[in-house]
Each structure stands twice: as structure tokens, then as C-alpha cells.
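> take this sequence and fold it.
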Amino acid sequence: MEAAVKEEISVEDEAVDKNIFRDCNKIAFYRRQKQWLSKKSTYQALLDSVTTDEDSTRFQIINEASKVPLLAEIYGIEGNIFRLKINEETPLKPRFEVPDVLTSKPSTVRLISCSGDTGSLILADGKGDLKCRITANPFKVDLVSGEEVVISINSLGQLYFEHLQILHKQRAAKENEEEASVDTSQENQEDLGLWEEKFGKFVDIKANGPSSIGLDFSLHGFEHLYGIPQHAESHQLKNTGDGDAYRLYNLDVYGYQIYDKMGIYGSVPYLLAHKLGRTIGIFWLNASETLVEINTEPAVEYTLTQMGPVAAKQKVRSRTHVHWMSESGIIDVFLLTGPTPSDVFKQYSHLTGTQAMPPLFSLGYHQCRWNYEDEEDVKAVDAGFDEHDIPYDAMWLDIEHTEGKRYFTWDKNRFPNPKRMQELLRSKKRKLVVISDPHIKIDPDYSVYVKAKDQGFFVKNQEGEDFEGVCWPGLSSYLDFTNPKVREWYSSLFAFPVYQGSTDILFLWNDMNEPSVFRGPEQTMQKNAIHHGNWEHRELHNIYGFYHQMATAEGLIKRSKGKERPFVLTRSFFAGSQKYGAVWTGDNTAEWSNLKISIPMLLTLSITGISFCGADIGGFIGNPETELLVRWYQAGAYQPFFRGHATMNTKRREPWLFGEEHTQLIREAIRERYGLLPYWYSLFYYAHVASQPVMRPLWVEFPDELKTFDMEDEYMLGSALLVHPVTEPKATTVDVFLPGSNEVWYDYKTFAHWEGGCTVKIPVALDTIPVFQRGGSVIPIKTTVGKSTGWMTESSYGLRVALSTKGSSVGELYLDDGHSFQYLHQKQFLHRKFSFCSSVLINSSADQRGHYPSKCVVEKILVLGFRKEPSSVTTHSSDGKDQPVAFTYCAKTSTLSLEKLSLTIDTDWEVRII
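Residues are numbered from 1 along each chain as shown. I've put the predicted structure just below:
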């Protein structure tokens, strides 16, 4: 590695050939499981071994060939969740169980044993509507709702469990291999990677031999599955063929291929299945490399033998088989039984937590590139936004802002006075976000490195020395964030006296935390590296980035003495990362196809708990054509995390560099985002307290509408806005599906309306992004847009009231100080409900617990779908005073406009239309 120290590290070290990444057939545990399953060896449950206590029901499972027992545990968990754990009964040493992802120990519900048939056991959850039926031979578990089997476990007999072994077995295995070498069958020639696994120039040595696990789930009546991010793939999961499984293994893939099942930056081992009348979820809690195979068997109808004049027909329901395989750990799986999409979201967040409530500024626009050169460059870009009247909230600095890629430092030539630079941004009510990666430059003069090394805080290699790998600084060691003491120490580095040059407007960006190791196996860390607790990296690879973001978020909270909300963006993530901040889709490319794929990628993140997600506007790699850049801004303005970013050596692409016409279009898109911030913030509060995603696939809002189940080119923001970004070049029209036969939809700009349940052809010029407000909704907006969110705190509100087919509407507004935890600890918030019924609009409290004084007023109200011109409009306040209101009515668009109002947002009032 010495040579690496002297070499210049460049983007070429990250932009490697895709051949360095493995497909399934090059993964030994996949080959082993496939080979073993072809032999059809079965497991049997020993029902005479059943024991039951307050928490769980336990019994042994034994393989007919090996006769080595496994211990199965079934738990009922509050909220209609079942948990199944399978582990070795007496392992050689403890097997890894994922810590810290579940928010707390799940509250269990005692399962009651009911009489089953001979050879089976039935467990009920007390209510009796959900039952767990365990069949002894062959071992199978059916989850039954009423009389309907919803999920079957191991119905295909794919339960697989490799027992830990001691080293002398390795010698025996080698002797056996030598004895079998005369056998020329393919089976014996194949390298199964039992004790060591070769890939390219790397050899992975396994101290306790193979330890992989697997299990199949059959989902009855389900053909539509979603989830298991992160892949650059369609929203609906596809059937997999041999060697074509979805891979969950966090990797740094620069310019990833689209429509590919290879693992990229993050992993959430959680999928949802949906059919008419039911939604379910499967959460496979395992942090090692995981592969998921999917195979749907469609419904078939066949004719039985002719009996008399009528041929009897029998229909077999469709079903989808999901086969999970992980390299190590135990089987620990949660079955979320719904039955609605909303129920499944709540069940999952009950386990892993809800989306953190973001600070308001982070919902504005972020400006980034690799790299803004120096303080003068930052100052000029900041001034450019003001000069061109484009709002933005945060300036970002990539790795070049540091002294030689040493995080927590500043380049003394480029950024000699970082506090002064931050004070300039503060005067504009803006923020600064800087990068902090997990690799630490090996340098005896770098205090962060010295302190971490002295305390043994780095990941170790097999020999017990600090692991060394190459990344941006050159030769580096990697902080072991799985160690609570390392996280606590890392958090302390963000304290203002420690992080010299930082202020309270500085926030964080965690990159390269898969972890990325240049020239390592698949650009990451060797699997036999050693972490805290003597666990191998293979056991926990997929939660490394999760812990990095956790430690960073805790550091930002700690520096404010627990008062201020953090903002941390991470590239790598796991189940539960939503508790710590935002995620983005990584190193995308400036191509139309990448704009298009960003929508299903973000939808998949959203339904798996990570609502705060986005894609780099314009594409990180390459130079977008102007039309693509405009369309990407228009799409990004209606997606949760909104950041422009570009790699080094690309042309500068600040919004005003593409001619006045295009500057105007980008300005409009960003200003539309800012106008809708009250709605965005309210949606994030709803995600935070009620687990509902901000950006939603249509099937979530319209679960009974089959046509929505595979749609991924349009989506809902909350329940009120439907967005269909333009993702094709030179488009003049787009076909928009407006769901719901009982719905009415209003064009957000023209107020034209359509009945739901149909596809409409919408003309689109370059200034058009098709957005529709759903009838029956009330959307709060800001009537004026400032330079940043900070300038808009006291600006007036408007209400967009879109009437349903029944002439009614409802909506909410959530408001707090936008930055602190006082909404949580002191109940300093305002939560208002707007309802329109019988020509009366009412503002009332949606949550009496909250109190937050606001000087803001509702200045404008626009009512869409109002069928006749009123004769008068009056406001009625809580003090009993009535005031007449001037109004404008447009018969052509059926819109009623009320302006120059002064209705305080935090008090009860009515607007009566006669």
C-alpha cells in the first residue's frame, strides 16, 4: 500500500469499471444455497418441544439430513405484527443479531395456543382474527387472516442454515475435497467458497466457515411487490431469473447502470406487497450481504373433469414467492399484516422509527458542486442567487474545502476565514453544509487521526492492526462507528470549540460511507475486517453508514445542548436511517433516463420509511443539455430533498448560466417550491408523527384502483397533489392518469378540472410541469417568496380550496419555529385544520396540545370548483364580529378568489359564502 500514498487520488479511482462488481453467480453463498436446494433436503418442526412464555413460543426445527437442531421463536407484537426468529440452538459462538435499528424492544402480545390438527400447532393473537399455523413435517408456517392464508413461510422448503464450524473442520473439508477430486461432476468442481472465497485478486478468509441463511415466503393473491431499496430499478419489483436476484450490499458505484438489480449505496431489507383489499410487509432484519429472489405465479383457471352437463371450474389464486438469502447472521423477520398501506407504514415505523422532523431550511433549495473553489467563489454564487431573484437556503462545500481531505479542517488558502464566510450566509438567513466522510487520513500530524488511533477507534484487519485502505486523502483508516464509544467521541468533534471555524449554521453531509475503499474488493472493505465486539465486517456491512449518520446527527444535537434539530444527508443507509436525516440517490448521470429513473427510486425509498430523499438535479456526472436541466429542476421542485450538484470537471451550472429564458424557467420552478413550503412542512410533520410518506405512489392513495399498481411516472405529494414530471426530450404532450372515479382534479395553474378515473392528454411547453390538486383538499401556501425560508417566517398565507364532487374540502397546516425541539418538549407548535362544507370555510385547532403564537395572517383564499357566483362573502371571527369580504368570481374556471384578507392563522374563524 506504500505506493498508494504517493499517488494522486482522483475521480478515476472512484469511476471504476463495472466488472469489479460481482453478479449473483460470483457470490459463493448464493451458489451454495442454489446447489443445496436442488437436493430437496427438508426440515421438520418438533412440536413436542414447544414451550410458551409471556413473550414467545419456542420449538426446535431439525434437518432430516444433518440432525442438528435449530431453535425457532414466534412472537406476537402489538399492532398486528408477527416476528419469527431462527437461530442455532447451541452455536459455536453467538451469531450476529442486528442492534440499534429497532427503536426499542417491541411490545409483545401473548400468543394463545389453539388446538390444531395432528402434526400442527395454531397460535392466535387474542383477538382471534390473525392466526399462525405451524405444520410439523415438512416445517411450514401459515399466517391466516380469518379463513384466508395470507403468507406461507417455507412452503417451498427453502429454509437454509449453515452452522458455524471450528477450524479443524477446514482440514477435514480439504481432505474430503481431495478424496472427491477424482469425481469429475460439475458439482464437485464448483468452488463453493466454504472457508475462503476468491474474487479477482482478493481472498476472503472465513474464520468459522460458511454461515449463510435463507428462507422463502409465499404471498397468496399478491402480484405487486415494492421496496428493498436501493436499486436503479422500477418501483414495482420484477421477477428474477437464475443469477438475477436483487442484491442488498452497500457499494460505491459511480455512474450506476439503470434498470439493474445490483446493490448500490444503501439497503433496506423490507418489502411491501399489495393487492385489492390488503397490503402486507416483510422486514428481514439482517445487515450482511443479502439477495432477494422474486417469482410470481399468476392466477390460473382450469376445468375439472366433466361432471354431467356443466364443467366445474376451479380458480387458483396468484401468488408470489420471495426468497431471502443472507451471508451471515440469524433469521429475524417481521411480518407486517396491514391490512391497509397506512397500517403497514405505521407497523414498520413502530419498529424502526419515523422520519426525523427536518429543520425548515432543509426543505428549501440547496446549491452544491464538487467543488466551490474558495470564499470568493461562495460569495459570488450567493450573490448570483440574489441578483437573479432566485431563492435558496444552503450553500454546500465538498471535500476540497478541507486541508488535504482532512475532515474537520479548512484549506487555509481557499477558506482562510470560514466564520466570516458563514456570517455572510447568516446575514442572508442561509446555511452552510460541509462534507465529513468516515475515512481518516493516516497522518501523525492530524489530530483526529492521532486521537482515534490512540484510543483504538479504527476498524481492524485480521491481524488486529488498524485496517488501511485508499480513499480521497490517500492511505486512510476507517472509524469503527459500530462502537458506541467511537460514536460518542465522533459526536464530540462537532462541538464549536473543537471544530474550529464552525458555527451553528453549519450542517453536515456524510458521503463515501458504504464504506468506499478504493482498490478494495468491489470498492469496499474486506469482509474479514474486524469491528467492535470482534464481529467481522461481513456481519454488519450494510449498517456501517447508518451508524455514521447516527453519530453525526447526535453530534449536531449535542453541540446545541439538545436544543436544535440536526440536518445530515447520507449516501449510505439502512432500515431506520430515517431517524437521522436525509438520503440521496448518489452519483447519477446527466441523461434523460436518469431523470426518469429517479422517480421510482424515490418512491421506493419513500414507502420504506425514508421520506426525506432526493436526486441530484441535472445529474452529478456529465453536462446536462439545457432542456434536461430545466425539466430536472421542475421535477426536483416537487420531490422531498431538492439539491443541485455536479462533479468536478463539469461545466458550471448555476441556474442563471443558460440564458434569460431558461433562468426564468428555473426561477419559476424554485419559487413554486418555496410557495408550497407550508404544505411540504405539514407533510413532513405528518410523516414524523403518523408515519405516512411525503412522496407517495398512486397505489398508496388509491389502493383499490388496479391501474395505479404499476404506475411510476407520476405520484402524489401527500394526499392533495398529483405530479407528473416531464421526462422525455422535446415533449409537447404527456398522458396523465387521474385516478378515482369519484374524484375531481384541478390543474394547479389553469384551474381546468377533470373527473377522475381517466387518462388525459396534457399539452406541455417548456414552462409546464403537470401538477393537479385533488378535489376535497385544502393546501396552505405562502403568498410571497423570500430570498430563503428565513425571510418568509412572517409572510402571509394563502389557502387553495379545491372542492370535491360533494362540494367539500379539508386540509391542515402545521407550524413551529422551524429549527428547535421545542415542538416536542414544550409543545410549541400550531396545528390547524381547514374544512369547507355547505359553503362555509372553518379554521379550527387540529391539536389542542400545541401552542405557538404567530403574527401571520391568511391573506388570500382561492376556491376551485365553486359552481355559482355568490351574492356575498363574510368572515366571522371568534369574537363574534362579522366582516364583509370583496371577492372575484370567474364563471369560466368556476373559481372564487378572496383577497386582502387579514385572518390570523392561529385563531378560530369562519368564511361564509352566500
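
> residues contacting the residue lying closest to D389 once chain neighbours are set aside?
Nearest-residue entry for D389: R667, 6.5 Å, with adjacent residues in sequence omitted and distances by CB to CB, 6 or more residues apart in numbering. All C-beta atoms are positioned from the backbone trio N, CA, C, and that covers glycine. Contacts for R667 (CB atoms under 8 Å, 6 or more residues apart in numbering) come out as 388-390, 655.

> one more pass at 10 Å, please.
By CB atoms under 10 Å, 6 or more residues apart in numbering, the contact set of R667 is 385, 388-391, 633, 655-656, 660, 785.

> next secondary structure after the host helix or strand of it?
If you go by DSSP states H and E, R667 is part of helix 660-675. Scanning forward in sequence from helix 660-675 by DSSP H and E, the next helix or strand is helix 677-690.

> now do the buried residues in that next one.
By neighbour count with 16 or more other CB atoms under 10 Å, helix 677-690 contains the buried residues 677-689.

> circling back to that earlier point, now, which of the contacts of R667 sits nearest C890?
Closest approach to C890 among these (CB to CB): V785, at 24.2 Å.

> now that closest one. Nearest residue, chain neighbours left out?
Closest residue in space to V785, ignoring its immediate chain neighbours: Y674 at 4.4 Å, by CB to CB, 6+ apart.

> the one you found against W680, yeah?
Yes: counting by CB atoms under 10 Å, W680 is a contact partner of Y674 at 9.5 Å.

> hmm, back to that, now the residue nearest to D389: how far from L602?
24 Å (CB to CB, to the nearest Å).

> what sits in contact with each of Y674 and W680?
The contact lists of Y674 and W680 share 363-364, where a contact means CB under 10 Å, 6+ apart.

> quick one: the strands in the stretch 251-400 of the chain?
For the stretch 251-400 of the chain, applying DSSP state E, counting those that start in this stretch gives strands covering 270-275, 278-284, 290-297, 300-303, 313-316, 319-326, 331-336, 365-367, 394-397.

> alpha carbons of the third one, in CSV - could you do that?
Once non-C-alpha atoms are left out, strand 290-297 reads as follows in CSV (Å, rounded to 0.1, in the frame of the first residue of the first chain):
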residue,chain,number,x,y,z
THR,A,290,-28.5,-10.2,1.2
LEU,A,291,-30.0,-11.4,-2.1
VAL,A,292,-33.8,-11.5,-2.8
GLU,A,293,-35.4,-13.6,-5.5
ILE,A,294,-39.0,-13.0,-6.6
ASN,A,295,-41.2,-15.2,-8.7
THR,A,296,-44.9,-14.5,-9.4
GLU,A,297,-47.3,-17.3,-10.4
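
> give me the mean pLDDT for that strand.
Averaging pLDDT along strand 290-297 gives 97.

> and that strand, how far from the chain's centre?
Centroid displacement of strand 290-297 relative to its chain, using CA atoms, centre = their mean, to the nearest Å, is 20 Å.

> also the second one?
Between the mean C-alpha point of strand 278-284 and the mean C-alpha point of its chain there is a distance of 16 Å (CA atoms, centre = their mean).

> for the remainder of this discussion, apply numbering that starts at 25.
Sure, I'll start numbering at 25, so the last one becomes strand 302-308.
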